[in-house]
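Participant: sequence plus the predicted model coming up.
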Amino acid sequence: MLSDRRFNVPEYQRLFSWKEKHHRQLWFDLQQFVEADLVKNSDISDVFFSSMYFAVDKDSNTHEIIDGQQRLTSINILLLSILEELRALDAESIRQETVSRLREGSIKQIESLLYRFENPLKGDVPRLSLNKHDDDDDAGQGFFEALMLGPEAR
């Protein structure tokens, strides 16, 4: 779902406001989805994805999030956390070639889900942008964007 798309939270959407109980429910839903037999129980994907609705601008391949921005934002933060942990692993200390290739492949896959190449000047930018209400008006960029762009931006 995240591949080759840009996601934008329109101004009329509420702020990102999930609490721990919401993240616990998301984690439960993710576990249920991963453990499900999607061939026998195809409605399990509806449990996880049914609350996400988008308005698509086909020219720019941008998906305005009508419903589901809390989940999508949380999934982006989760993927970023996994990415940072994978990057922090000492690649030189991994002795098994298979594990090393799995690490490198996972890093590339997660990066492709979280970022898209904008242009040579901007480089990679986050696929998801939150609305201006989630940003600090006095800062050059919002918290979420700085989080997604890494330690230097933070």
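Facilitator: That came through fine.
Participant: OK, contacts around S106?
Facilitator: I82, L86 (CB atoms under 8 Å, 6 or more residues apart in numbering). Bear in mind the C-beta positions are built from the backbone N, C-alpha and C, glycine included.
Participant: that one is in what secondary structure piece?
Facilitator: For S106, the host element (DSSP states H and E) is helix 97-114.
Participant: list the buried residues for that helix?
Facilitator: For helix 97-114, a neighbour-count test (16 or more other CB atoms under 10 Å) marks I107, I110, L113, L114 as buried.
Participant: likewise for stretch 82-95?
Facilitator: Going by neighbour count (16+ other CB under 10 Å), the buried part of stretch 82-95 is L83, L86.
Participant: could you do stretch 7-15 as well?
Facilitator: Under the neighbour-count criterion of 16+ other CB under 10 Å, stretch 7-15 has F7, N8, V9, Q13 buried.
Participant: shaky segments in this structure?
Facilitator: Within the chain, the stretches with pLDDT under 70 are 1-2, 38-39, 41-51, 132-141, 153-154.
Participant: closest to the centroid, which residue in it?
Facilitator: N76 (2.2 Å; CA atoms, centre = their mean).
Participant: who touches it in this structure?
Facilitator: Residues near N76 by CB under 8 Å, 6+ apart: L114, P126, L128, M148.
Participant: so the closest residue to the second one other than its chain neighbours: helix, strand or coil?
Facilitator: Translated: P126. Nearest in space to P126, with sequence neighbours left out and distances taken as CB to CB, 6 or more residues apart in numbering, is M148 at 4.0 Å. Here M148 is recorded as helix under DSSP: H, G, I helix; E, B strand; the rest coil.
Participant: and M148, how many neighbours?
Facilitator: M148: 24 surrounding residues under other CB atoms under 10 Å.
Participant: hang on, the earlier thing: render the CA-only coordinates of the helix holding S106 in PDB, please.
Facilitator: Taking Å, rounded to 0.1, in the frame of the first residue of the first chain, the C-alpha atoms of helix 97-114 are listed here in PDB:
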ATOM      1  CA  GLU A  97      26.200 -13.500   4.700                       C
ATOM      2  CA  THR A  98      22.500 -14.400   4.700                       C
ATOM      3  CA  VAL A  99      21.800 -12.200   7.700                       C
ATOM      4  CA  SER A 100      23.900  -9.400   6.300                       C
ATOM      5  CA  ARG A 101      21.900  -9.500   3.000                       C
ATOM      6  CA  LEU A 102      18.600  -9.600   5.000                       C
ATOM      7  CA  ARG A 103      19.700  -6.500   6.900                       C
ATOM      8  CA  GLU A 104      20.700  -4.600   3.700                       C
ATOM      9  CA  GLY A 105      17.600  -5.700   1.800                       C
ATOM     10  CA  SER A 106      15.300  -4.700   4.700                       C
ATOM     11  CA  ILE A 107      16.900  -1.300   5.000                       C
ATOM     12  CA  LYS A 108      16.400  -0.700   1.300                       C
ATOM     13  CA  GLN A 109      12.800  -1.900   1.400                       C
ATOM     14  CA  ILE A 110      11.800   0.200   4.400                       C
ATOM     15  CA  GLU A 111      13.500   3.300   2.900                       C
ATOM     16  CA  SER A 112      11.500   2.800  -0.300                       C
ATOM     17  CA  LEU A 113       8.300   2.700   1.800                       C
ATOM     18  CA  LEU A 114       9.100   5.800   3.800                       C
END
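Participant: many thanks, we can stop here.
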